[in-house]
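# what shape does this take:
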Amino acid sequence: MALILLCENDLVSEGCLVATLTAEGHTVETFDTTVDLVSRATETEPDLVMVAEHAPVFDGYETCVQLRQEPTLKPDLPILLIVSERPDPRRLDAVRATGFVMRGRPADDVRSLLVDLLGPLANPRG
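Take a look at the predicted model:
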């Protein structure tokens, strides 16, 4: 089981992600703004952060930079951007995002990504 912090500005997408992730046994905390997400990340030890590319206050790219500069967080903390269109890989590399998940992807795609990122913490269920 993993602690996943999520900031998604699309409520339908957020609901689908929360349902998928909690069904896998993960604890998911949702945030209305990236300011709140970054603050909580520094108070906890999240296993994964998922943030919308166009999140409120700071976009997902700016949030990646803030999280990577935070000395209290693991340097290899997986950070995924939630996107509607495939992002430029150079932009992901520039902010040291771990990767991305396409908004509205099937639950199996999300599960597969969790296994790749979290290993034993992914707790996949058939």
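# residue contacts, T44?
L3, L5 (Cβ atoms under 8 Å, 6 or more residues apart in numbering). In this view, the C-beta of every residue, glycine as well, is placed from N, C-alpha and C.
# from F31, how far out is it?
From T44 over to F31 the distance is 12 Å, taken as Cβ to Cβ, to the nearest Å.
# return every residue with contacts to both of those two.
L5.
# give the buried residues for stretch 32-43.
T34, V35, D36, L37, V38, R40, A41 (16 or more other Cβ atoms under 10 Å).
# ok, now stretch 56-76?
F58, D59, G60, Y61, T63, C64, Q66, L67, L73.
# quick one: which of these is nearest V83?
V83 has its nearest neighbour among the buried residues of stretch 56-76 in G60, at 7.9 Å by Cβ to Cβ.
# my read: the closest one touches A52, true?
Yes. The pair G60 / A52 is scored as a contact, 5.7 Å apart, by Cβ atoms under 8 Å.
# hey, what's in contact with both of those two?
What both G60 and A52 touch, as defined by Cβ under 8 Å, 6+ apart, is the set L81, I82.
# to what extent is the nearest residue to A2 once chain neighbours are set aside buried, counted in neighbours?
Spatial nearest neighbour of A2, chain neighbours left out: D47 (3.7 Å); criterion: Cβ to Cβ, 6 or more residues apart in numbering. By the measure other Cβ atoms under 10 Å, the count of residues near D47 is 20.
# tell me who's in contact with D47.
D47 touches A2, L3, I4, L77, P78, L118, L121, counting by Cβ under 8 Å, 6+ apart.
# same thing but 7 Å
A2, L3, I4, L118, L121 (Cβ atoms under 7 Å, 6 or more residues apart in numbering).
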